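Asks: can't give you the sequence, but here's the structure:
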């Protein structure tokens, strides 16, 4: 029986539970509000600066404030993703562990990730403390160190939330917290020599990967273990994280993501499918063309984040089935087309590659930067030709799979086509707004162009079409945007720390020596590169792959005479295959979820699309003019 003291304690806890829940709701609301305010400021500051510049004035440190706001957004968004248990992770546990063992695997994975997050928080603290002693300030006397405190605060919040989600009961959570505290203190204790700790640490990271730890923790754990064993301070992780988050072009990532979310949450998907249906739906294979074009248009704004399948899948699959496509062919077509817009501007991977490749070229000196222009504008233009090729190959395969008897189920209706075009005119103009602002001289930076695109998407979906309700949808969409951007940017930040170690240890130079000793053929190098990148696409998500792999292959490409811009399109085209390859193939998991199909069935249905995209990758690889002729013509 329960004694009187225990009963009284239980009653007190029960009495205070509502107030604790209310406090939790308030804390969640404050976090969500922070994301909302940060994203609004990211839109307002660049456009205000552009307006002032038109009048020969300027906003003090507008670019720097935007970059530091992106840093805060990165950490706040990642903390919210941890709160919602939505940090990007490799979905291995559900494939290899039984239902009974999955809680144990989750506890192990999240505990390891919490330890790594704690180390990253210490690294961020050291960076902020150093910056405080330096006394650097922005305009209006805003101290830089105060803004840098977002790094330790964000990683500390992530660590606590990983512990919370690592177990279902508070007793086990306290046990996990104690384990995390002890493990986090081990490096300072010097229990084992550093060279002996390295294999143990890497083995633990590998085990955490198998158990389903978040991607940022896996990359960050490897980087910390390597830096620590080599005698480098782990504060270098925070330095690189800060340098990436404050790169001038980085604010374009959440801004273009926001524009894509506005489209996805409005009625853009329905109007876009109607346009494609009206123009080509009467052809044999027309529904396949509709699928390829609609997905490509949508993905170039949503950033290949999987939103395309979720937003368009429910519209496109019934269209294909209604025109008597086989279910397997229709499922494979929709799943494979979900990442087709990856090479079209303003898709986020193009921006990321430009940023990372430019940083890699800086290690060669100013001459290499001047010789090889890997700007965002050049990557945008270079991706158009290869992107059209992949869309055309997908549509051709869809035409081939179309049922013969459905060659002319209906005739072209000019009035319907014109009505559909008129109804969707504002959304069809979005690429013109985005690219016109960037290339037409309307604005002075990609960040301002991205801010204008996000504002334009908000205005047309809210005021023109009225599908997007501010009171009902705005906070939720801004939170989702911040969550996704934070999940991606935190991976990029820790991945840059790993890249910094590889460059410091001259791994690219050793790689060049090994490859050149193996072959001196450019064609063989390109073939080996494709094989490597397909494997990378199977094992890594596209964002971390860009930051980790690109600095290693850019020097190799230059050695073999491959233009870094052409290399970027080869890289991204190969990674497009990664969306269809297990275990990381995001489109496979999303399609299985969206259409309520077994994962194996979706994987089999998508195999023909893998082969189609592989043909496109080989053409892009060995036909460099497909990539380079348009930049040479326009830039």
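Replies: Yep, that arrived. What you see is a predicted model, and the numbers here were worked out from it, not measured in a lab. Residues are numbered from 1 along each chain as shown.
Asks: what about residue 510, distance to residue 556?
Replies: With distances taken as C-beta to C-beta, to the nearest Å, residue 510 is found 11 Å from residue 556. Glycine gets a C-beta too; all of them are placed from N, C-alpha and C.
Asks: More neighbours: the two, which one.
Replies: Between residue 510 and residue 556, residue 556 has the larger neighbour count (other C-beta atoms under 10 Å), namely 19 against 11.
Asks: can I assume the more buried one is in contact with residue 512?
Replies: Yes. Judged on C-beta atoms under 8 Å, residue 556 makes contact with residue 512 at a distance of 5.8 Å.
Asks: Next, show the common contact partners of residue 510 and residue 556.
Replies: Counting by C-beta atoms under 8 Å, 6 or more residues apart in numbering, residue 510 and residue 556 have no common neighbour.
Asks: low-scoring stretches of the stretch 301-450 of the chain, by residue?
Replies: The model of the stretch 301-450 of the chain has pLDDT under 70 over residues 304-306, 363-370, 405-410, 441.
Asks: ugh, typo on my part, it should be the stretch 1-150 of the chain
Replies: Looking at the stretch 1-150 of the chain by pLDDT under 70, you get 1-20, 54-57, 90-95.
Asks: which residue ranges form the helices in it?
Replies: 4-54, 62-83, 93-96, 102-134, 144-148, 150-165 (DSSP state H, counting those that start in this stretch).
Asks: Ok, which of those helices comes nearest residue 601?
Replies: Checking the helices of the stretch 1-150 of the chain against residue 601 by C-beta to C-beta gives helix 93-96 as the closest, at 14.6 Å.
Asks: Save the helices of the stretch 1-150 of the chain as TSV, and put in distance to residue 480 and mean neighbour count too.
Replies: As requested, these are exported to TSV (distance: least, C-beta to C-beta, whole Å; neighbours: other C-beta atoms under 10 Å):
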stretch	distance to residue 480	mean neighbour count
helix 4-54	9	14
helix 62-83	10	24
helix 93-96	23	14
helix 102-134	22	22
helix 144-148	24	20
helix 150-165	18	23
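Asks: Spatially nearest residue to residue 283 (excluding sequence neighbours)?
Replies: Computed as C-beta to C-beta, 6 or more residues apart in numbering, the closest residue to residue 283 that is not its neighbour in sequence is residue 289, at 7.0 Å.
Asks: Give me the next element, helix or strand, following the one helix or strand that neighbour maps to.
Replies: Assigned by DSSP states H and E, residue 289 belongs to helix 286-302. Using DSSP H and E, the helix or strand that follows helix 286-302 towards the C-terminus is helix 307-322.
Asks: Quick one: neighbours of residue 328, just the number.
Replies: Counted by other C-beta under 10 Å, the residues lying close to residue 328 total 16.
Asks: gap between it and residue 82?
Replies: According to C-beta to C-beta, residue 328 stands 38 Å off from residue 82.
Asks: now do residue 546
Replies: 23 Å.
Asks: Kindly state the domain boundaries assigned to the chain.
Replies: Here the domain parsing of the chain from automatic domain parsing is 87-245, 252-634.
Asks: Buried deepest among those domains, which one?
Replies: Ranked by mean neighbour count, these are led by domain 252-634 with a mean of 21 (mean count of other C-beta atoms under 10 Å).
Asks: And it, end to end?
Replies: Taking C-alpha to C-alpha, to the nearest Å, domain 252-634 runs 23 Å from one end to the other.
Asks: Check stretch 312-331 too.
Replies: With C-alpha to C-alpha as the measure, the first residue of stretch 312-331 is 12 Å from its last.
Asks: ok, residues contacting that stretch?
Replies: By C-beta under 8 Å, 6+ apart, the surrounding residues in contact with stretch 312-331 are 269-270, 273, 277, 286-288, 290-291, 294-295, 298, 333-334, 338, 398, 401-403, 405-406, 409, 591, 594-595, 597, 601-602, 604-606, 608.
Asks: Mind doing that once more with 6 Å?
Replies: Stretch 312-331 is touched from outside by 269, 273, 287, 291, 294, 298, 334, 401, 403, 406, 594, 605, with contacts defined as C-beta atoms under 6 Å, 6 or more residues apart in numbering.
Asks: cool, stretch 74-83 as well?
Replies: Residues outside stretch 74-83 that contact it (C-beta under 6 Å, 6+ apart): 31, 34-35, 87, 150, 154, 157-158, 161, 245, 482-483, 485-487, 489-490.
Asks: make it 8 Å
Replies: For stretch 74-83, the surrounding residues in contact (C-beta under 8 Å, 6+ apart) are 28, 31-32, 34-35, 38, 87-88, 150-151, 153-155, 157-158, 161-162, 165, 216, 245, 479, 482-487, 489-490, 493.
Asks: same check, this time on stretch 99-107
Replies: 93-94, 97, 165-168, 172, 176, 210-212.
Asks: quick one: that stretch to chain centroid distance?
Replies: Distance, stretch centre to chain centre, for stretch 99-107: 27 Å (C-alpha atoms, centre = their mean, to the nearest Å).
Asks: contacting residues around residue 442?
Replies: Counting by C-beta under 8 Å, 6+ apart, residue 442 touches 436, 449, 452.
Asks: can you check residue 453 too?
Replies: 255-256, 259, 346, 430, 433-434, 437.
Asks: gap between residue 165 and residue 82?
Replies: Residue 165 is 8 Å from residue 82, by C-beta to C-beta.
Asks: Next: residue 213.
Replies: Taking C-beta to C-beta, one finds residue 213 at 12 Å from residue 82.
Asks: In JSON lines: the contacts of stretch 312-331, plus distance to residue 312.
Replies: Output for the contacts of stretch 312-331, formatted as JSON lines (distance: C-beta to C-beta, whole Å):
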{"residue": "269", "distance to residue 312": "5"}
{"residue": "273", "distance to residue 312": "7"}
{"residue": "287", "distance to residue 312": "13"}
{"residue": "291", "distance to residue 312": "8"}
{"residue": "294", "distance to residue 312": "6"}
{"residue": "298", "distance to residue 312": "6"}
{"residue": "334", "distance to residue 312": "8"}
{"residue": "401", "distance to residue 312": "19"}
{"residue": "403", "distance to residue 312": "22"}
{"residue": "406", "distance to residue 312": "21"}
{"residue": "594", "distance to residue 312": "10"}
{"residue": "605", "distance to residue 312": "17"}
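Asks: Tell me where the stretch 201-350 of the chain has helices.
Replies: With helices called from DSSP H, counting those that start in this stretch, the stretch 201-350 of the chain shows them at 215-229, 235-245, 252-265, 268-280, 286-302, 307-322, 327-337, 348-362.
Asks: With distance to residue 613 added, can I get these in JSON lines?
Replies: Shown next, in JSON lines, are these (distance: least, C-beta to C-beta, whole Å):
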{"stretch": "helix 215-229", "distance to residue 613": "23"}
{"stretch": "helix 235-245", "distance to residue 613": "29"}
{"stretch": "helix 252-265", "distance to residue 613": "22"}
{"stretch": "helix 268-280", "distance to residue 613": "21"}
{"stretch": "helix 286-302", "distance to residue 613": "12"}
{"stretch": "helix 307-322", "distance to residue 613": "15"}
{"stretch": "helix 327-337", "distance to residue 613": "7"}
{"stretch": "helix 348-362", "distance to residue 613": "15"}
